[in-house]
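Enquirer: Return atomic coordinates for the entry below.
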Amino acid sequence: APALPAPVRLSDRAAAEVRRIVANKQIPDQFGLRVGVKGGGCSGMSYVLGFDKRRDHDLAFELDAEHEAGPITVFMDKRHGLYLMGTTVDYHDGLDARGFIFENPNATQTCGCGSSFAA
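Expert: Now for the predicted structure:
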């Protein structure tokens, strides 16, 4: 069966920052980048980004596979796919903002709630 398209995408900047964190924090090989949502925040949901082991309800995706460093494995609870479909994770490193930004075309409202990142 053909692989499912990944519900989320990493920008080049986000992929580079994830690889930098993996190298600097020495994240174990069996861990992947967890992308998800949780209740709370001003629009009812906030985004979660961190490193974690695969869980029972997870889907796994390989992102940025054409990079010479190899793919980034992403884990997502399959129940979160509806909320994350089409989302791009970007990384900003400027004077006014620094961190991972979720650009979700399906979000009905946005605000400065941000995301949490556990490394």
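Enquirer: For the residue most central in space within the chain, which three-state class applies?
Expert: For the chain, Val35 is the residue whose C-alpha lies nearest the centre (Cα atoms, centre = their mean; 3.9 Å). Classification of Val35 using DSSP: H, G, I helix; E, B strand; the rest coil returns strand.
Enquirer: Arg20 too?
Expert: Under three-state DSSP, Arg20 comes out as helix.
Enquirer: Report the buried residues of stretch 99-110.
Expert: Phe100, Ile101, Phe102, Asn104 (16 or more other Cβ atoms under 10 Å). The way it works is simple: take the backbone N, C-alpha and C, and place the C-beta from them, glycine included.
Enquirer: Any chance of those in a markdown table with pLDDT and distance to Lys78 as columns?
Expert: What follows is those, written out as a markdown table (pLDDT from 0 to 100; distance: Cβ to Cβ, whole Å):
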| residue | pLDDT | distance to Lys78 |
| --- | --- | --- |
| Phe100 | 95 | 22 |
| Ile101 | 93 | 24 |
| Phe102 | 93 | 18 |
| Asn104 | 89 | 17 |
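Enquirer: Now intersect those with the helices, please.
Expert: Using DSSP state H, no member of the buried residues of stretch 99-110 sits in helices.
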